[in-house]
Every structure is written in C-alpha cells, then in structure tokens.
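# I would like to see how this sequence folds:
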Amino acid sequence: MAATLASPAVETDRISKLRAEVAKLNQISDNEKEGFVRLVSRYLSGEEEKIEWEKIKTPTDEIVVPYDTLSGLGEDPSETKELLDKLVVLKLNGGLGTTMGCTGPKSVIEVRNGLTFLDLIVKQIESLNNKYDSKVPLVLLNSFNTHDDTVKIVEKYSGSNIDIHIFNQSQYPRMVAEDLAPWPTKGRTDKEGWYPPGHGDVFPALLNSGKLDELLSQGKEYVFIANSDNLGAIVDLKILNHLVKNKNEYCMEVTPKTLADVKGGTLISYEGRVQLLEIAQVPEEHLGEFKSIEKFKIFNTNNLWVNLKAIKRLVEADALKMEIIPNPKEVDGVKVLQLETAAGAAIRFFDRAIGVNVPRSRFLPVKATSDLLLVQSDLYTVEEGFVIRNTARVNPANPSIELGPEFKKVGNFLKRFKSIPSIIDLDSLKVSGDVWFGSGIILKGKVVIEAKQGAKLEIPDESVIENKVVSNLDDIAN
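Take a look at the predicted model:
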C-alpha cells in the first residue's frame, strides 16, 4: 500500500489536521504523539528513496566480517569483566504467544524442562555475572500488549544477581485506511485501536523512557538487541571485543541463507555505506535474483549490537529515518493501516557500521511448534540457560519439520507426544492429520506420517521409523 502523493499545500493541511486530532489523544505521551505525526508525515511525503538495482554491490569482508577472523580474548578474567561491564542485553519482548495458542507474552512459553524463554535468558546472564563478577543488566522492551504481564512475571527473578529494567515501546493509533484518521478519535479507544510501531522504535523508546541516559550514566557503552524467542542469541565476547576495539557503532549479525531463508533481509554495499535490503524494497523483476542464495548469500538474524552514545546522538538529531513498512490489516471489518519500522534498517545511519557473518547456531528462533519440537528433542541440551546442540548430529543443518494444524497450538502439540522422538539422524519430517506419538520413538532420514481423513493414527512406543511414508501401523513394521 503506497502513499498517495499530494501537493505540498494539501499535505501540510493534512498533517496540521492530523496533529490536531492526535493532540486529543490523552492515552499517549507528547513524545509518542510527535513520533507518530512525523512517521505519517514521512509516509505521505513519499520521501522513501528507491533502490537503484545496478548500484548494489556485494559487501567485502571488511564490511561483513567473517566470524572466524575475530580475535579471541586473553586469559585475564579482569579483561573480560571490564568488557562485560560496558554491555547491556536488551530483549524485544513485545510479542504475544497468540499464534502458538498461548495468552500473554510469548517469552513465557515453556521451551524445555519447564523453563520459559525468559527463564533461560535470566539464567544465561546470571551465569556470566557469576563467572566474571560483572554487572550485565537485562532490559526488556515491552509493548502495551505485554507490559502488565511482564511486570508480574519478573518479580520471580528478584533474588537474581541481575538488574532487570522494563520499559515500553511507543503506542501509536491505528489509522482508518480510507482517510488515515486515527482510529481512537473515531471511538475505537480499546487496545484494538492502537499498535506498537515495530522494533525500529527501540531507539527513540530508549531515549524517551529515560533508560538510555540511565544506562550511559552507569558507564554502559553497547547494547545487544535480540528477539526474546531466538535461543541462539547469547552474549558473544568476541563480537563485543571487536566492536569496542574498532569503534564500530553498529553491528548486525548475519548468517548464510538456506532455501528456508530466501525472504530474509540481506546486507548490501550501497553508495559507499552498508545497508539492509528487504524483500519489500526489491523491484518485481529482481525478486528471483534476491531469493537466489548464489548472489545474496546472507540474511539478517536480528541480533544487533549498537553503541549507546550513537543512539542518543542520532535520535536527538531525528536522523534515524528507517524505511517505513506499511502494514494494512482488517479489524472487526474495518480496514486499518499501521506504519512500522525495523531496527535492522537503522544500520546505514551509524558510523563504521558492519555485519558479522556468524555460525547458524546463533539463529535458533522458535516461531512455531515445529521449532519447539527441535529444541525439546535430543538435538539439544540446556546448561546454565544456554541451549547447546548435540555433537552427535553429523549434519550441520537442522532437520526440516512440518507439522499439520492439529499441532499448531502448544497445548495440542504437547498432548500429541508422550515424549519427544529422537531426531539426531532425521533429515525431514512431515506430519498431517490426527497423529499421536508414543514414547521412545526414533525418527531417521526422511519421514512422512499422514493419518487418513477421519482416522486416528497412534505411533506405538519404541517405534523406529527410517525413510518411510507411514499412513497405517503396517507401514512401520514393513
């Protein structure tokens, strides 16, 4: 949905009217009102620059640094403590677990051994702070959807050795698509009238909340930002050390694309700067090229390392004009529009910005129950909150897993497995229909399990299924 360009006079009039409408919204702060009006104004002006395809260059190893070339730290633990004391860990905690059939923040879904995403994150940072006598704080960026629940949840960590900070990203009004009027001014004042404007908002929200100045006053220099559901996004001292030594203001972790990642944003060199290229920016005639893993070999993991002073400088100068992502939706029969930005798109505004091409192990997101199956299986173990891959797995890639709609919700998924099967030697699994798994099952190679329509298929305890299509019990025995 592109903005319709108007003449400057008409546009100024629209923005004046919008500003007057937004001024009536008492539920949000002046900073939020101003941020929203600026975002809409940019959208209406059509100032988004179009990518000129022929100017795109593949980044060199100086710009996207291979992880293997990063130097390690010395043996001196005081050097490591000094480095860690410059660091803040920030987790994006604004998402709900609704797509997996859960209520409340996604970060409180149990991942393994009764531990939630948040439990694992806290254990990881506790482990670091204990080992090096450091003081790495955890900062949670909530949305208005997750804030109240998160406040209650973090009380259980009050005995830990971590300072936990909570703050909210901005709350912007959804706009009615036909006239771009803020929906709450037309009477929709409940939660459905509002939206959180994407994780690009992390930078102004840090400043506006007062958290940025608070962290700077404690001597913090870098923030490590990651999605709360990425189990691979752990503190990496080699990356932090590299950034501090080379005075890089921004670092995006990228990793080699597989065919499952062809839509992911990639880093390019463009007019002398490193830039994120998202699929939405790609001209239609170049989509095939963009999805090719030959030309664009890496994608954005959304693990970001950013200098705090640089964030302050750029937000105060209103210089972070990331690409706007229009997100049209229909809510209760009303077509609405929400404008969002992504934190990764900010890379081009920072000095000495780089990517680091990291191992795939640093990208282990849990977006669906198929991912939950992977991390609950014998493919992984958990030690001090760190999810560690089983070295018995020879294939560096994880098996591809496709579960039918019967498994979509976490509750249903858990009910259908007496225990999670062994998948160390599995290449791919596709399950469809009313399938139930016993305990002690071993899956190997390429496995397809499909219950016939209207029939229940129960896989017996201790079954070993290797390179088979199973639609009845006889198929297992043969």
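# can you map out the helices along the stretch 251-400 of the chain?
Secondary structure of the stretch 251-400 of the chain, counting by DSSP state H, counting those that start in this stretch: helices at 287-291, 308-316, 369-376.
# Ok, which of these comes nearest S400?
Nearest to S400 among the helices of the stretch 251-400 of the chain is helix 369-376; the distance by CB to CB comes to 8.6 Å. Every C-beta, even on glycine, is put in place using the N, C-alpha and C of the backbone.
# which other helices and strands contact that closest one?
Packing partners of helix 369-376 (3 or more CB pairs under 8 Å, 6 or more residues apart in numbering; DSSP states H and E): strand 110-112, strand 400-403, helix 410-415.
# Give me the neighbour count for the closest residue to I401 other than its chain neighbours.
Closest residue to I401 apart from its sequence neighbours, by CB to CB, 6 or more residues apart in numbering: S370 at 4.2 Å. S370 is flanked by 18 other residues according to other CB atoms under 10 Å.
# Compare the helices of the stretch 251-400 of the chain and give me the one nearest K86.
helix 308-316 (9.2 Å).
# how far does the closest one sit from the chain's center?
The chain centroid and the centroid of helix 308-316 are separated by 22 Å under CA atoms, centre = their mean, to the nearest Å.
# same question, stretch 114-123
The answer for stretch 114-123 is 17 Å, by CA atoms, centre = their mean.
# Check stretch 226-241 too.
12 Å.
# do stretch 82-100 as well
10 Å.
# Also stretch 357-374?
Per CA atoms, centre = their mean, the centroid offset for stretch 357-374 relative to its chain is 11 Å.
# tell me which residues in it are buried?
357-358, 360, 362-366, 368-374 (16 or more other CB atoms under 10 Å).
# how far does that stretch stretch from start to finish?
23 Å (CA to CA, to the nearest Å).
# re the thing from before, P326: which of the buried residues of stretch 357-374 is nearest?
Looking across the buried residues of stretch 357-374 and measuring by CB to CB, the closest to P326 is P365, at 24.3 Å.
# Does the closest one have any beta-bridge partners, and if so which?
Using DSSP bridges, the bridge partners assigned to P365 are N230.
# what's it in contact with, if anything?
Neighbouring residues of P365 by CB atoms under 8 Å, 6 or more residues apart in numbering: 227, 229-232, 371.
# out of those residues, who has the most neighbours?
Top of the contacts of P365 by neighbour count (other CB under 10 Å): L231, with 27 neighbours.
# returning to what we had before: go through the helices of the stretch 251-400 of the chain and name the closest to D13.
Among those, helix 308-316 sits nearest to D13 (CB to CB), with 28.5 Å.
# So which of the helices and strands packed on helix 369-376 is nearest T185?
helix 410-415 (37.7 Å).
# Quick one: neighbours of the nearest residue to Q453 once chain neighbours are set aside, just the number.
In space, and not counting its chain neighbours, Q453 is closest to G433: 7.1 Å by CB to CB, 6+ apart. Other residues near G433 number 17, with proximity taken as other CB under 10 Å.
# same check, this time on A23
11.
# Identify the residues contacting it.
Under the criterion of CB under 8 Å, 6+ apart, the neighbours of A23 are K33.
# Any idea how far apart the tips of stretch 138-157 sit?
End to end - CA to CA - stretch 138-157 spans 11 Å.
# Other residues contacting it?
Residues contacting stretch 138-157 (CB under 8 Å, 6+ apart): 88-96, 104-105, 107-108, 118, 121-122, 125, 162-169, 171, 191, 194, 196, 199, 202, 205, 211, 215, 223, 228.
# what does stretch 50-59 give?
If you take CB under 8 Å, 6+ apart as the criterion, stretch 50-59 is touched by 267-271, 274, 277, 281-283, 286, 295, 355.
# Filter these down to the buried ones.
267-270, 274, 277, 281-282, 355.
# Most widely separated two among those?
Most distant of the buried ones among the contacts of stretch 50-59, by CB to CB, are V282 and G355, 18.6 Å apart.
# how about the strands in the stretch 1-150 of the chain?
56-57, 64-66, 87-92, 110-112, 115-116, 138-142 (DSSP state E, counting those that start in this stretch).
# Is I424 part of a helix or strand, or is it coil?
coil (DSSP: H, G, I helix; E, B strand; the rest coil).
# Looks like the residue nearest to I401 contacts L403 (just checking).
Yes: counting by CB atoms under 8 Å, S370 touches L403, with 5.0 Å between them.
# residues in contact with N93?
Here N93 is in contact with 105, 107, 118, 140-142, 146, 150, 228 (CB under 8 Å, 6+ apart).
# Torsion angles phi and psi at it?
Main-chain dihedrals, N93, degrees, to the nearest 10: phi -120, psi 30.
# Quick check: closest non-adjacent residue to it.
Using CB to CB, 6+ apart, the closest residue to N93 is L140 (4.4 Å).
# What distance separates the opening and closing residues of stretch 240-251?
OK, stretch 240-251 end separation, CA to CA: 9 Å.
# ok, and for it, which residues are buried?
Buried, per 16+ other CB under 10 Å, within stretch 240-251: 240-244, 248-251.
# Show me how far it is from its chain's centre.
Taking mean C-alpha positions (CA atoms, centre = their mean), stretch 240-251 and its chain are 22 Å apart.
# Stretch 391-405 too?
For stretch 391-405, the distance to the chain centre is 21 Å (CA atoms, centre = their mean).
# Quick check: mean pLDDT of that stretch?
For stretch 391-405, mean pLDDT rounds to 93.
# Distance across it, terminal residue to terminal residue?
Here the two ends of stretch 391-405 are set 31 Å apart, with distance taken as CA to CA.
# Return the member of the buried residues of stretch 240-251 nearest to A343.
Nearest to A343 among the buried residues of stretch 240-251: Y250, at 9.9 Å, using CB to CB.
# residues in contact with that closest one?
Y250 neighbours (CB under 8 Å, 6+ apart): 304-307, 310, 346-347, 350, 352-354.
# Can you classify G200 by secondary structure?
helix.
# And it, what's its pLDDT?
Note on G200: pLDDT of 95.
# Next: P182.
Confidence score, pLDDT, at P182: 93.
# How many residues are close by it?
22.
# for the one 5 residues further on, same thing?
Applying the criterion other CB under 10 Å, we find 8 residues in the vicinity of G187.
# Ok, I441 next?
Counted with other CB under 10 Å, I441 comes out at 21.
# Look up phi and psi at the residue nearest to it when sequence neighbours are not counted.
Using CB to CB, 6+ apart and skipping the chain neighbours, the partner closest in space to I441 is P421 (4.0 Å). Backbone torsions for P421, taken as degrees, to the nearest 10, come to phi -60, psi 160.
# what sits against P421?
Here P421 is in contact with 377, 437, 441-443 (criterion: CB under 8 Å, 6+ apart).
# Equivalent analysis for T99, please.
367-368.
# shouldn't L426 be in contact with I441?
No: L426 lies out of contact with I441 (CB under 8 Å); the separation is 10.9 Å.
# ok, L379 touching I424?
Yes: applying CB under 8 Å, one finds L379 in contact with I424, separated by 6.5 Å.
# Please enumerate the shared neighbours of those two.
Residues touching both L379 and I424 by CB under 8 Å, 6+ apart: 390, 393.
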